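Q: Need the 3D shape of this:
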Amino acid sequence: MTTPPDSKTPSPGLQVASLAVGLGIMIVGTLYPPMMTRSTGGADHLMATLLFWSMSAGFIRGLGFVPRNTALRWIFSGWACGAALVSAIGWRLAT
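A: Purely as a prediction, here's the structure:
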């Protein structure tokens, strides 16, 4: 027997914008890996971390999964997906 969902947890559902961000980062990162490197050719770990966080949050929230843990719910929210993407773009423009 299943238990009813917690009333504090937002109702899950497909989030197209978050899913599109996750898919976009996956496709562009696969086709053009140098976007995660420095101008000297070495790996840019901050850029990769921000992009992978945005991609993960995009997939998790985009497919409708909402974690019960409050911290994980924030880390994998649609807002976190957007914030990580904007931070990655800002980092790329700054370096």
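
Q: Residue 85 and residue 41, how far apart?
A: According to Cβ to Cβ, to the nearest Å, residue 85 and residue 41 sit 24 Å apart. In this view, the C-beta of every residue, glycine as well, is placed from N, C-alpha and C.

Q: who has more neighbours, those two?
A: Per other Cβ atoms under 10 Å, whichever of residue 85 and residue 41 has more neighbours is residue 85, with 21 against 7.

Q: hang on, the more buried one packs against residue 21?
A: Yes. Shown here, residue 85 and residue 21 form a contact pair, counting by Cβ atoms under 8 Å, at 6.0 Å.

Q: Check the contact lists of these two and give me the overlap.
A: Overlap of the contact sets of residue 85 and residue 21 (by Cβ atoms under 8 Å, 6 or more residues apart in numbering) consists of residue 54.

Q: Give the next helix or strand downstream of the helix or strand in which residue 20 is found.
A: Assessed by DSSP states H and E, residue 20 sits inside helix 16-31. For helix 16-31, the following helix or strand on the C-terminal side (DSSP H and E) is helix 45-62.
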